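>>> Have a look at this fold, sequence not included:
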């Protein structure tokens, strides 16, 4: 086929990622005692779709593994195999392996065949172990699953992968006959295709297409002696107008109206070929897959994939509109009389509309936090096992929306915090019981929007932070601590580099490299982190984030004729100093306020504005804080609070020290946004001894 | 590399080895730059200063939402007195996917120069180092010095592009 497959690869990769995610989610939630048939079906469908697609594109590594997985899932949903936690574990790790392979194909890097083989072996061992327990106990374990091309013995002589058709991955009918020639997926007009039966070409095969209208069903045992159930097979196939059905065992499955999964798994027990039909017939009523139109609806999410750059362009353009609108309203104020009134009315209308457009566009960049939250059930499950603790994870507010760029940067710090809560927060079951707490620990992961902020909290009901330990460790690390410090200040110490009070370094946590990185990452997205902790009751870490990174709340300040923006998030207080508050130590000017000395820094000097300094008593000092840095910025005047759209200076120029970006003010002029972290150098702070 | 390709494109676009140049005045001399790199010409407007920038980088302006740096070539090459009024001209250039504005004394004309009309640049008497020049061309009213504006703007001397581009300079 000369069709260029590459263009479909991206779609396949994206879809497969989604399928893997679905599988993982469902596997995590599945109850081993009483698995929900619909959920099993969904998992099966996901595995099946990956297998189908990978077969088409020739990603054999995926095909092989998903195939065995499918077999297990099929058995599970047919109640032929009892799900155990172990099996779910193996299936979960298979999804990981699949993810790795997928990534490898995507990066066009080498496939780790060994990993695949290991995965397969693990899966097959389930099959063989459970095979012994199932009602078909006397039967030999299923087919040779190790073959890459997944042709199952019977069709070993069949030609390789099916001819791929662009639409084929929706059109499926993969299964054991993937490799059989002339399968429906080689052609979109599957309706007219005949189903290929097991023994289609076997000598002496009876004509089985009894009554099927569009799809001719070839039943394996249709004409087998002593098998009266043959007829239902044929009638069942009438429901299916797309793919041929292969109803060997007269299972009611083909009757499902779900188009994308008819009749798989015929050969899950191909050995049955030798069993009497009556036995199989007895089994027939058992499978209870719900006919589900619901599943079809689920796949149709009614969304469009759009490149983020396109959305960013729209965001930028809307930013321009906001600026133009404010220029317009300034001009509008100059117009007098009747026309002026009309004009200002129109401008008001315009600004309302623009605000709405802005909100709508911003919401396009937003993703629900569940995007990252969803990885945690798995992480907690695995980690709890490793740590031998019993932990319940409760997720709340997963629907809260956060800017996409923030989501990406939140994943690492959140993962770290959750691991910390599990490892250091929650105690072992014995300890918990001894302390009169339920044996199962609880970690609550919660997101909510409060005002202009998003709050994400990780709350555990563990032992809480140990004040003494932290203080001791801080002293040992040479940090400047006061034993009488308030709790919240003590907790903040754990963010110091190299700080860990864990007794032993585990592979989970305790190396002390984490928390300072956590705080750095969060501050990098304009956020902050708070800790509340009570001995024996647990701790809560709360991350506070702005709604979006593209717009910040800023304080406009003036120095000479220039305007600067200081992010409101960093500002503690703005004040007009009294002369007795100003102290000079060596060459440094300090301000005494809030029971401490604040090093001062003149924005005029920093920004090299060659206008004479105002006397400090006539200036305004803006006290700022970022991380552990606290200092005062001397400015001429405060002009007021304003939301500003952040523009990159580096786009057409380059990074400027002490400036994090620029913005365009209402009059169309550019104003610089002060980088509070960068403006005052660490050395300067250390010099004055206030680190 | 970009320089070559954009020139090639220009040659191809104008059919044969002929190229259009925008001529402008800097002090007493007439210069020309490839018009394909000109985004627009506009009057000077007040800039926002940038800290720690050399004096020839006047600052940045808002060009329809883009924060664009303005380089005053008159100051850089010390060729004429830098006054700023409504007649001061800024040429907005597209250089390697960025926008940079340059301030010149005036713009005069658009000329068509074929390749064989270009003579090697003089070694002296020109404000620019000869490596930023494409050559000399004669027009009705005298000589035009053809500037390789892309090489000039991305040079370390101007210093507004990142080090990556500046390293390329050595190999050009």
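Yes, it's here. Since the model is a prediction, treat every value here as computed from it, not as a measurement. Numbering: from 1, shown residues only, chains lettered A, B, ... in the order given.

>>> contacts, neighbours, all on C-alpha from now
Will do.

>>> got a list of what residue 28 touches?
You didn't say which chain, so I picked chain A. By CA atoms under 8 Å, 6 or more residues apart in numbering or on different chains, the contact set of residue A:28 is A:88, A:377-378.

>>> sorry, should have said chain B
residue B:79.

>>> so residue A:642 sits in a helix?
No. The assignment for residue A:642 (DSSP: H, G, I helix; E, B strand; the rest coil) gives strand, which keeps it out of a helix.

>>> give me the element the closest residue in space to it that isn't next to it in sequence is part of.
What sits nearest to residue A:642 in space, not counting adjacent residues and going by CA to CA, 6 or more residues apart in numbering or on different chains, is residue A:554, at 5.4 Å. Applying DSSP states H and E as the criterion places residue A:554 in strand A:551-559.

>>> Nearest to chain A: which residue in chain B?
Closest contact between chain B and chain A, by CA to the nearest CA, is at residue B:51 (4.6 Å).

>>> what's the helix or strand for that residue?
Using DSSP H and E, residue B:51 sits in no helix or strand.

>>> what about the strands in chain B?
B:18-26, B:29-34, B:38-43, B:57-63, B:66-72, B:89-95, B:98-104, B:106-114, B:133-139, B:142-147 (DSSP state E).

>>> can you check the stretch 451-600 of chain A too?
A:453-460, A:528-534, A:538-546, A:551-559, A:562-567, A:571-575, A:582-585, A:588-593, A:596-602 (DSSP state E, counting those that start in this stretch).

>>> For the most centrally placed residue in chain B, list the residues it contacts.
The centroid of chain B falls nearest to residue B:149 when counting by CA atoms, centre = their mean (3.9 Å). Residue B:149 makes contacts with B:33-34, B:132, as judged by CA under 8 Å, 6+ apart.

>>> Need the pLDDT of it.
Looking at residue B:149, its pLDDT stands at 90.

>>> before we move on, back to that, tell me if I'm right that the residue nearest to residue A:642 and residue A:566 touch.
Yes. Contact criterion CA atoms under 8 Å: residue A:554 and residue A:566 qualify, at 5.4 Å.

>>> which one is the residue of chain A found nearest chain B nearest to, not counting chain neighbours?
Here chain A gets closest to chain B at one residue, residue A:607, 4.6 Å apart by CA to the nearest CA. Nearest residue to residue A:607, sequence neighbours excluded (CA to CA, 6+ apart): residue B:51, at 4.6 Å.

>>> what residues does chain B put near chain A?
Contact residues, chain B versus chain A (CA under 8 Å from any CA of the partner chain): B:47-48, B:50-52, B:60-62, B:64-69, B:98-100, B:160-162.

>>> can you do 7 Å?
Applying CA under 7 Å from any CA of the partner chain, we find that chain B lies next to chain A at B:48, B:51, B:61-62, B:65, B:67-69, B:98-100, B:160-162.

>>> quick one, which of the strands of chain B is nearest to residue A:33?
For residue A:33, the closest of the strands of chain B is strand B:66-72, at 60.8 Å, according to CA to CA.

>>> Tell me which other helices or strands that closest one touches.
Packing partners of strand B:66-72 (3 or more CA pairs under 7 Å, 6 or more residues apart in numbering or on different chains; DSSP states H and E): strand B:57-63, strand B:98-104.

>>> Would you format those strands as CSV with distance to residue A:357 and mean neighbour count included?
CSV is the format used below for the helices and strands packed on strand B:66-72 (distance: least, CA to CA, whole Å; neighbours: other CA atoms under 10 Å in any protein chain shown):
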stretch, distance to residue A:357, mean neighbour count
strand B:57-63, 22, 22
strand B:98-104, 28, 23
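
>>> And those strands: which comes nearest residue A:103?
Nearest of the helices and strands packed on strand B:66-72 (CA to CA): strand B:98-104, 34.1 Å.
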